[in-house]
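Asks: quick one: sequence and predicted model below, then my questions.
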Amino acid sequence: MSRIYFDNAATTSIDPLVVEAMMPYLMDKFGNPSSIYSYGRETKIAIETARKSVAKTLNAHPSEIFFTSGGTESNNTAIHASVRDLGCKHIITSPIEHHAVSHTVEHLQQIGLVKVSYVKLQSDGHIDLSDLEKLLAESSEKTLVSLMHANNEIGNILDLDAVGKLCKQYNALFHSDTVQTVGHFPIDLSKTHVHFITGAAHKFHGPKGVGLLYINQNISIKPFIFGGGQERNMRAGTENIYGIVGFAKALELVTQHYEADRAKIEGLKKRMQQKLTEAFPEIVFNGDVNGNSLYTVLSAGFPRTQQSEMLLMNLDINHICASGGSACSSGAEAGSHVIKAISNGKSQATVRFSFCKNNTDEEIDFVVEKLKTLLH
């Protein structure tokens with residue numbers, strides 16, 4: 001039996017056209033971009049061409065785009081730089097951020113560099129914007145607001161523009177982890193008041209090990225990694241050329257087919273939600289599932305029973321890939337801080353199903369039928 005893959009929020013399969021674009025830089029065009037001879041110059045040109053392509057998609061200036069090893073490094077760079085270089089002594093964040101953000105913020109608090117405030121959540125898991133404004137108004141120190149654009153476990157989407165306006169009003173820096181939305185959601189950085197956003201190619205059918213950091217041109221920070229002068233002196237280390245080329249190609253492809261892919265994936269999500277509701281009347285869906293939510297993510301909460309406790313393992317045995325929350329907590333429901341934060345103490349066995357353009361209606365139907373046999 002073939003595998004059914006419903007964990008696309010964790011990572012996606014690489015598009016064959018992305019592999020094709022990367023191959024010359026894996027094989028023949030192997031020069032170091034810092035070298036002055038032709039082999040080096042051609043790889044340097046490839047990086048700068050990729051940078052321009054990404055900048056165009058996001059409506060940013062190429063000088064604002066930096067390539068990293070992934071979303072985690074990008075988030076760490078933005079948060080550390082805000083404290084170290086830009087004078088932030090106060091960070092406002094939420095209880096449902098990705099660990100790449102929350103653990104970084106907690107570390108900076110533990111070593112005494114910042115105080116941290118957590119904005120309240122509404123009952124549907126969205127950020128309480130009135131509480132955010134209250135925290136900003138009460139803050140007497142330079143403040144960084146770090147809130148993710150879309151939650152990787154429940155899919156809720158933040159109003160970037162609304163948060164950006166509040167940050168501008170109160171002279172706060174704004175960092176948004178956009179790892180789940182770059183490549184899935186149109187972002188126009190020329191119209192959004194944000195200082196840092198982040199991305200990872202493997203979330204939209206690109207390669208693993210390459211990410212994006214946008215740094216608004218009105219701010220200046222020091223490197224997170226020191227050494228050579230790569231990435232315009234912002235990130236030392238020989239560039240991941242084929243990864244960078246792959247990032248740009250993947251973003252180009254998903255942008256070209258965005259409307260058609262979104263319509264298809266939204267249909268898959270709605271079909272899954274409807275069939276699960278019919279099969280399991282007591283099921284709950286986490287987050288603002290029918291509102292401002294990612295079209296790729298469906299977080300389902302099953303009543304906690306002996307069968308549902310073993311659900312993820314039994315799905316795996318049946319060649320169905322899903323997770324308990326984020327990829328970091330796939331095998332342990334206790335690991336999901338997001339579900340704990342929004343569940344109000346209700347006990348549920350959570351499964352996150354996340355979809356891509358390669359999934360089918362037949363896969364949805366098969367998984368729901370399999371769930372019936374596993375849970376009834």
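Replies: In hand now; what should we look at? This is a predicted model, so every value here is computed, not measured.
Asks: now do the strands in the protein.
Replies: 4-5, 65-68, 90-93, 115-118, 143-146, 173-176, 196-200, 211-215, 284-285, 297-303, 320-321, 348-354 (DSSP state E).
Asks: what's the closest of those to residue 342?
Replies: Ranking these by proximity to residue 342 (CB to CB) places strand 297-303 first, at 9.5 Å. Bear in mind the C-beta positions are built from the backbone N, C-alpha and C, glycine included.
Asks: average pLDDT across stretch 65-78?
Replies: Averaged over stretch 65-78, pLDDT sits at 98.
Asks: hmm, back to that, any idea which of the strands of the chain is most buried?
Replies: Greatest average neighbour count among these goes to strand 196-200 (a mean of 29), per mean count of other CB atoms under 10 Å.
Asks: so which residues make contact with it?
Replies: 70-71, 74-75, 78, 82, 149, 173-179, 182-183, 187, 189, 210-216 (CB atoms under 8 Å, 6 or more residues apart in numbering).
Asks: now do the contacts for residue 366.
Replies: The contact partners of residue 366, by CB under 8 Å, 6+ apart, come to residue 4.
Asks: do you know the pLDDT at the residue nearest the centre of the chain?
Replies: In the chain, the centroid-proximal residue (CA atoms, centre = their mean) is residue 179; its distance is 2.3 Å. pLDDT, residue 179: 98.
Asks: so who does it touch?
Replies: 71, 98, 148, 152, 198-200, 203, 211.
Asks: how about 10 Å then?
Replies: 9, 70-72, 74-75, 98, 100-101, 148-150, 152, 197-200, 202-204, 211-212 (CB atoms under 10 Å, 6 or more residues apart in numbering).
Asks: how close does it get to residue 49?
Replies: 23 Å (CB to CB, to the nearest Å).
Asks: likewise residue 137?
Replies: 45 Å.
Asks: re the thing from before, what's the PyMOL syntax to select whichever of the contacts of residue 179 are buried?
Replies: Selection of buried members from the contacts of residue 179 for PyMOL, criterion 16 or more other CB atoms under 10 Å:
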select buried, resi 9+70+71+72+74+75+98+100+101+148+149+150+152+197+198+199+200+202+203+204+211+212
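Asks: next step: the contacts of residue 179 restricted to helices.
Replies: Among the contacts of residue 179, DSSP state H puts 71-72, 74-75, 100-101 in helices.
Asks: which residues touch stretch 127-142?
Replies: The contact list for stretch 127-142 (CB under 10 Å, 6+ apart) reads 82-83, 86-92, 94, 96, 114-115, 117-122, 143, 145, 147-148, 151, 156, 158-159, 162-163, 165-167, 169-173.
Asks: neighbour-wise, which of residue 137 and residue 49 wins?
Replies: Between residue 137 and residue 49, counted using other CB atoms under 10 Å, the more crowded position is residue 49 (14 against 10).
Asks: mind listing what the closest residue to residue 136 other than its chain neighbours touches?
Replies: The spatial neighbour of residue 136 that comes closest, neighbours along the chain excluded (CB to CB, 6 or more residues apart in numbering), is residue 170 at 4.0 Å. Contact analysis of residue 170 by CB under 10 Å, 6+ apart lists 92, 132-133, 135-139, 143, 145.
Asks: which stretches in the stretch 201-350 of the chain count as helices?
Replies: All helices of the stretch 201-350 of the chain, identified by DSSP state H, counting those that start in this stretch, fall at 230-233, 241-256, 258-279, 306-309, 311-317, 337-342.
Asks: if we can go back for a sec, phi, psi of the residue nearest to residue 136?
Replies: Dihedral angles of residue 170 (phi, psi; degrees, to the nearest 10) stand at phi -100, psi 10.
Asks: low-confidence bits of the chain, can you list those?
Replies: Across the chain, residues meeting the criterion (pLDDT under 70) sit at 1, 325-335, 345.
Asks: now do 80
Replies: The chain contains residues with pLDDT under 80 at 1, 325-335, 343-347.
Asks: ok, now how distant is residue 197 from residue 62?
Replies: Applying CB to CB, the value for residue 197 to residue 62 is 15 Å.
Asks: again with residue 80
Replies: Distance from residue 80 to residue 62, by CB to CB: 24 Å.
Asks: circling back to that earlier point, if any of the contacts of stretch 127-142 are buried, put those into a ChimeraX selection.
Replies: In ChimeraX syntax, the buried subset of these is picked out as below (16+ other CB under 10 Å):
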select :82,83,88,90,91,92,94,96,114,117,118,119,121,143,145,147,148,151,156,158,163,165,166,167,170,172,173
